[in-house]
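Asker: Just a sequence and a predicted model for now, questions to come.
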Amino acid sequence: MNLIPWQDKPNNCKDVLWRYNANPIIDRYAIPSSNSIFNSAVVRYKDSFAGVFRCDNKAVQMNIFAGFSKDGIHWDINHDPIQMKAGNTQMIDSDYKYDPRVVFIEDRYWITWCNGYHGPTIGIGYTFDFKEFFQCENAFLPFNRNGVLFPKKINGKYAMLSRPSDNGHTPFGDIYISYSPDMKYWGEHRCVMKATNFEDSAWQCTKVGAGPIPILTNDGWLMLYHGVINTCNGFRYAMGAAILDEHQPDMVKYRTQPYLLGPSELYEQVGDVPNVVFPCAALHDTEDDKLAIYYGAADTVVALAFGRLSEVIQFTKENSL
């Protein structure tokens, strides 16, 4: 079995990342109730793959669903949303769930998502088998989005990136890091990275948010993220990369001035929310120097892009702000 899905780089491609030639890999109507399936997270699981998927139904109610795949490309998504049991709290009600991330830490798979509790905040849960799920205390007060856990403890504590926001379609946002001794109580909030000045790098001048789970490299934590510009035609989302210090990840060592992947294909430009590339998961094979990135396209479908991990790191270092 391949550790990650893969497709070789086309001969005529001059970019660091390239798209899977059969994108999108998950259609908006992949389950009977769905209006759209996007901004979803996958991990390696046993000898195959598992994931948590954002599926908005035809009433445009947002919820998360489990799914499985043998190759990381063709997915069977459960038709019913995840039903949470009580984890470290009895307070597991929520108005909505969307934009999940998934990471294995120590002995279980942890899920974070944007959770509706008097506005958007960061929900936390865990599973051992992607069949039974347990919900924990919300990490933060409303309003917050893009909660992304690190795959290992840092200085003995769990660490999470997030983007404090507002209750609307946020026209601002910076990335922060917070720490927890127990996945219940969070503090030590530090600013990691702010939106840029328009003159310095316009594609990320409105807001930025963490994407997939950070990847530990010899240079530090590779953080793929989305950046947003507010154009005369509305928000435009693209993907960039940053390298954070391994032991002090609120220190940004490098950050891409140009984006790595922007909305240029029809399925990225046309959909429920046009012009969106929104990365939520990345699988990597360090030995073979391979990277597979799952991203939501136009808030409608799931797409896949590939790259060489070493080339993404080199690009980030050579094209840093």
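Answerer: Yes, it's here.

Asker: Sketch out the low-pLDDT regions of the chain for me.
Answerer: 1 (pLDDT under 70).

Asker: buried residues in stretch 286-297?
Answerer: Along stretch 286-297, these residues count as buried under the neighbour rule (16 or more other Cβ atoms under 10 Å): 290-297. All C-beta spots, glycine's among them, are computed from the backbone N, C-alpha and C.

Asker: From the chain's centroid, how far away is that stretch?
Answerer: Distance, stretch centre to chain centre, for stretch 286-297: 12 Å (Cα atoms, centre = their mean, to the nearest Å).

Asker: Could you point out the longest helix of the chain?
Answerer: The helix of greatest length in the chain, counted in residues with DSSP state H as the criterion, is given as helix 309-318.

Asker: what comes into contact with it?
Answerer: Where contact means Cβ atoms under 8 Å, 6 or more residues apart in numbering, the residues beyond helix 309-318 that reach it are 16-17, 215, 217, 219, 222, 241-243, 254-256, 260, 284, 286, 289-291.

Asker: If any of these are buried, give me the PyMOL selection for them.
Answerer: In PyMOL, selecting the buried portion of these, with burial taken from 16+ other Cβ under 10 Å, looks like this:
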select buried, resi 16+17+215+217+219+222+241+242+243+254+255+256+260+284+290+291
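
Asker: which residue sits closest to Lys194, ignoring its sequence neighbours?
Answerer: Taking Cβ to Cβ, 6 or more residues apart in numbering as the measure, Lys194 lies nearest to Asp174, with 4.4 Å between them; neighbours along the chain are not counted.

Asker: I misspoke; the intended subject was Asp95.
Answerer: Using Cβ to Cβ, 6+ apart and skipping the chain neighbours, the partner closest in space to Asp95 is Gly116 (3.2 Å).

Asker: Can you verify my assumption that that neighbour contacts Ser94?
Answerer: Yes. Shown here, Gly116 and Ser94 form a contact pair, counting by Cβ atoms under 8 Å, at 5.0 Å.

Asker: contacting residues around the closest residue to Pro258 other than its chain neighbours?
Answerer: With Cβ to Cβ, 6+ apart as the criterion, Pro258 has its nearest non-adjacent residue at 5.6 Å, and that residue is Asn319. Asn319 makes contacts with 256-258, as judged by Cβ under 8 Å, 6+ apart.

Asker: now the residues you listed as CSV including distance to Gly307?
Answerer: As requested, the contacts of Asn319 are arranged in CSV below (distance: Cβ to Cβ, whole Å):
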residue, distance to Gly307
Thr256, 13
Gln257, 18
Pro258, 14
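
Asker: Need the residues you listed in a markdown table (columns: secondary structure and distance to Ser310).
Answerer: Supplementary listing: the contacts of Asn319 in a markdown table, determined by DSSP: H, G, I helix; E, B strand; the rest coil; distance: Cβ to Cβ, whole Å:
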| residue | secondary structure | distance to Ser310 |
| --- | --- | --- |
| Thr256 | strand | 15 |
| Gln257 | coil | 20 |
| Pro258 | coil | 18 |
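
Asker: out of those, who's nearest Thr170?
Answerer: Thr256 (21.8 Å; Cβ to Cβ).

Asker: Please state the backbone phi and psi of Ala202?
Answerer: phi -70, psi -30 (degrees, to the nearest 10).

Asker: whoops, Pro279 was the one
Answerer: phi -80, psi 140.

Asker: can I assume it is in contact with Ala292?
Answerer: No. Using Cβ under 8 Å, Pro279 is not in contact with Ala292, being 10.9 Å away.

Asker: Can you tell me the centre-most residue of the chain?
Answerer: Geometric centre of the chain, nearest residue: Cys280, 2.1 Å, by Cα atoms, centre = their mean.

Asker: Secondary structure element for it, which one?
Answerer: Using DSSP states H and E, Cys280 maps to strand 277-285.

Asker: Which strands or helices does that strand pack on?
Answerer: Contacting strand 277-285 under the criterion 3 or more Cβ pairs under 8 Å, 6 or more residues apart in numbering; DSSP states H and E are the following elements: strand 34-45, strand 97-105, strand 220-231, strand 234-244, strand 290-297.
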